[in-house]
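# Have a look at this fold, sequence not included:
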DNA sequence: CAAAAAGATTAATGAAAGATTAAGACGGGT
DNA sequence: ACCCGTCTTAATCTTTCATTAATCTTTTTG
């Protein structure tokens, strides 16, 4: 899984610059996804994982600043830098206050851009790997992830691998949102329509297994994901 | 943010700029140590701990690049950025290849420098307690943005996506005006008649949810926007 | 004070997301 | 090759929620 190419999301409406940069960065060994507006960018962020986003500030529809703000609201935790012709001081400051890791003024020097990307990536804290335990208490249930057993008052049921993996994710984030995206990427590695449907089936199964304790619920956050809710 | 001050090591031979920067940065809440050449810098690094070094490139005796190289040889693991009048591309690239986290061209804008320092530090320091920026206290309410929960005296209500996004904006600007324009751009990316109508609907909803504490109000500034007002 | 603009409130609608159940596909073990 | 347990796809039904609409109230301005 690791040792892979660095994945960049380039958001640039201008054809010429977008083409130039995506080609150049591709040549330099990055995996580049180029989209032309903020909406597309958000969609793309929902579909796959990126290491860094490069946002043009001046774009029709949604500008780079608005996009950064929406990323924050959607708790998309993706580092980003701005690329812009607007070098007004107030813009630079706004860029950083939105959480940018860098702010580059046009005209862009491609080599400098690459150097800066590397500087940024080398300093990034690696994402917390889900090093979760294997044994959980879920309300009156006990869940032995290693042996795939769900125990209730002495009785137990053996879960399948998928059921186990899913319950592990939910249980290690008890009472906290697990997004579709995270679950799907962790279980299937891909976030598409069919896997999403599959996920629903497994959720139904788990709900069924967990119904004996009605302080335990798998709730849905519409459009976001699931929460394993344990009252008290 | 952080309890103790951030410690900066400023290496700058020029008196005027050095004085200006160390004063300004000190005023901005940093603990600044100002030395005038590379030798002194290395001594200082041996004596105390710093969070970030700011190196001028052009200095007599040992220039910034040479200093960075010596730091590497001495395995001094201190992030540094360059400050320089030499904006030649080859210099910029050399700066980054030496491991710089940033490279600023003179003339330096002090505010931008501060913004960049903060951007760098926030990347270096592991994110403080996962839920930064998504958890709010609103009067007697607690608002958990990540899980879209609005909590009042132990009980909670789950908000929808839009309700959550809107409340996040208002809450992060408590007692300050959020203009229509800003809200609309952040929530929809577009500022038109219909979204504005939509916004009103959501404001009504939030008002309804927040009415249990009458020190909390969403006020309207006619023609301007909304304010989440929290008395006391 | 009257007209117009902006805002507030409540309700209706429809598309998208989710839930559930069943049927098909796949693969290891015998 | 044929079970059997498991995962995936399909089909169908239900719920959710953003948006639009309709109506009423407040504020501004001349």
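Received the coordinates, thanks. This structure is a prediction, so every number in the text was calculated from the model and none was measured. Numbering: from 1, shown residues only, chains lettered A, B, ... in the order given.

# alpha carbons only for contacts and neighbour counts from here, please
Fine.

# Flag every residue of chain A that's near DNA strand C.
By C-alpha under 7 Å from any atom of the strand, the residues of chain A that approach DNA strand C are A:197, A:200-201, A:203-204, A:207, A:219-225.

# which of those residues are buried?
A:203, A:207, A:220, A:221, A:224 (16 or more other C-alpha atoms under 10 Å in any protein chain shown).

# Return the subset of those residues lying in strands.
A:220, A:221 (DSSP state E).

# Out of the buried ones among the residues of chain A next to DNA strand C, which are close to chain B?
Within the set of those, contact with chain B (C-alpha under 8 Å from any C-alpha of the partner chain) is found for residue A:221.

# follow-up on the earlier one: check the residues of chain A next to DNA strand C against residue B:11 and report the nearest one.
The nearest member of these to residue B:11, counting by C-alpha to C-alpha, is residue A:224 at 48.6 Å.

# Isn't that closest one up against residue A:179?
Yes - using C-alpha atoms under 8 Å, residue A:224 is in contact with residue A:179, at 5.4 Å.

# which ones are touching the closest residue to residue A:30 other than its chain neighbours?
Take residue A:30 and drop its neighbours on the chain: the residue closest to it by C-alpha to C-alpha, 6 or more residues apart in numbering or on different chains is residue A:6, 5.3 Å away. Under the criterion of C-alpha atoms under 8 Å, 6 or more residues apart in numbering or on different chains, the neighbours of residue A:6 are A:29, A:30, A:31, A:50, A:51.

# now, the most widely separated pair of the residues you listed?
A:29 and A:50 (14.6 Å).

# Which one's more surrounded, those two?
residue A:50 (18 against 11; other C-alpha atoms under 10 Å in any protein chain shown).

# The helix or strand of chain A with the lowest mean pLDDT: which residues count as buried?
Scoring the helices and strands of chain A by mean pLDDT, DSSP states H and E places helix A:38-47 at the bottom, with a mean of 87. Within helix A:38-47, the residues scored as buried using 16+ other C-alpha under 10 Å are A:38, A:39, A:41, A:42, A:44, A:45, A:47.

# Flag every residue of chain A that's near chain B.
Proximity of chain A to chain B, by C-alpha under 8 Å from any C-alpha, involves residues A:61-63, A:66-67, A:69-70, A:73-75, A:89, A:92-93, A:96-97, A:99-102, A:111-112, A:115-116, A:119-120, A:123-125, A:176-177, A:221-222.

# And whatever helix or strand residue A:198 lives in, what does it pack against?
Assessed by DSSP states H and E, residue A:198 sits inside helix A:193-209. Where contact means 3 or more C-alpha pairs under 8 Å, 6 or more residues apart in numbering or on different chains; DSSP states H and E, helix A:193-209 is packed against helix A:161-171, helix A:180-187, strand A:216-221.

# what's the closest residue to residue A:49 other than its chain neighbours in contact with, if anything?
Spatially, and ignoring its direct neighbours in sequence, residue A:49 is nearest to residue A:7 (7.7 Å; C-alpha to C-alpha, 6+ apart). Contacts for residue A:7 (C-alpha under 8 Å, 6+ apart) come out as A:30, A:31, A:32, A:33, A:49, A:50, A:51, A:52.

# Now distance to residue B:135 too, for those, in JSON lines please.
Shown next, in JSON lines, are the contacts of residue A:7 (distance: C-alpha to C-alpha, whole Å):
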{"residue": "A:30", "distance to residue B:135": "35"}
{"residue": "A:31", "distance to residue B:135": "34"}
{"residue": "A:32", "distance to residue B:135": "34"}
{"residue": "A:33", "distance to residue B:135": "32"}
{"residue": "A:49", "distance to residue B:135": "25"}
{"residue": "A:50", "distance to residue B:135": "25"}
{"residue": "A:51", "distance to residue B:135": "25"}
{"residue": "A:52", "distance to residue B:135": "25"}
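
# circling back: can you tell which of the helices and strands packed on helix A:193-209 is closest to residue B:157?
Comparing the helices and strands packed on helix A:193-209 by C-alpha to C-alpha, strand A:216-221 comes nearest, at 12.1 Å.

# Now do that closest one and helix B:161-171, the angle between them.
80 degrees (axes from the mean of the first three to the mean of the last three C-alpha atoms, to 10 degrees).

# contacts for strand A:216-221?
Counting by C-alpha under 8 Å, 6+ apart, A:138-139, A:177, A:203, A:207, A:210-211, A:226-231, B:160 sit against strand A:216-221.

# Write a PyMOL command that selects only the buried members of those.
In PyMOL, a selection of the buried entries from the contacts of strand A:216-221 looks like this (16+ other C-alpha under 10 Å):
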select buried, chain A and resi 138+139+177+203+207+210+226+227+228+229+230
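
# among the contacts of strand A:216-221, which are in helices?
A:203, A:207 (DSSP state H).

# For the contacts of strand A:216-221, point out the one with the lowest pLDDT.
For these, the model is least confident at residue A:231; its pLDDT is 91.

# thinking that residue is in contact with residue A:140, fair?
No - contact criterion C-alpha under 8 Å: residue A:231 and residue A:140 do not qualify, at 10.8 Å.

# quick one, strands of chain A?
Counting by DSSP E, the strands of chain A are A:7-11, A:31-35, A:52-56, A:80-84, A:102-105, A:135-138, A:141-144, A:149-152, A:155-158, A:177-179, A:216-221, A:225-230.
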